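J.: Sequence and predicted structure below; questions after.
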Amino acid sequence: MTSQAQANDPLPAVRGLVFLGFPLHPPGQPSESRAQHLVGIQVPMLFLQGTRDDFAKLDLIEPVVARLADRAELKLFRDADHSFHVPARSGRTDAEVRGDLTRTLATWIDAVIGHAAG
């Protein structure tokens, strides 16, 4: 995982890390152990997570990202699972979620690159 490499020996060209559904724990086995290395990362991080992601329960991923302070940002996608699929009852389509995800990612990349270049 790139985040582990970045935590152990920072990669000089890496300006930020994006996690599309960070796999914090296996489904049904809540734990924060997979996030321990994140404290060693000094570049900006963006966590894109579905609120129904069985690999990252909200009550665990939110405090993990909060502990990373200004180095990390969490963007939640309501009703989305680990693959960013939303059920029909959500009133949104998978394509709408992917569009929102893509716009969020593009805005974040622009901010990180703009900040790093300035």
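T.: Received it, and whenever you're ready, just let me know what you need. Residues are numbered from 1 along each chain as shown.

J.: Count the residues that sit near the residue nearest to V43 when sequence neighbours are not counted.
T.: In space, not counting the residues next to it along the chain, V43 is nearest to G16; the distance is 5.1 Å by CB to CB, 6 or more residues apart in numbering. For the C-beta atoms, the positions are set from N, CA and C on the backbone; glycine is no exception. A total of 19 residues lie near G16 under the criterion other CB atoms under 10 Å.

J.: Go ahead and measure how far the helix or strand hosting V64 is from the middle of the chain.
T.: Taking DSSP states H and E as the criterion, V64 maps to helix 58-67. Here the centre of helix 58-67 is set off from its chain's centre by 11 Å, with CA atoms, centre = their mean, to the nearest Å.

J.: Tell me, what's the model's pLDDT at the residue nearest to the spatial centre of the chain?
T.: Compute the mean C-alpha point of the chain, and by CA atoms, centre = their mean the closest residue is F47, 1.5 Å away. In this model, F47 is scored at 98, pLDDT.

J.: again, but for S31
T.: Reported pLDDT for S31: 94.

J.: got the phi/psi numbers for it?
T.: phi -170, psi 160 (degrees, to the nearest 10).

J.: wait, it sits on A56?
T.: No - checked against CB atoms under 8 Å, the pair S31 and A56 is beyond contact range at 10.6 Å.

J.: quick one on the thing from earlier: quickly note the distance from the residue nearest to V43 to D79.
T.: Distance, G16 to D79, by CB to CB, to the nearest Å: 27 Å.
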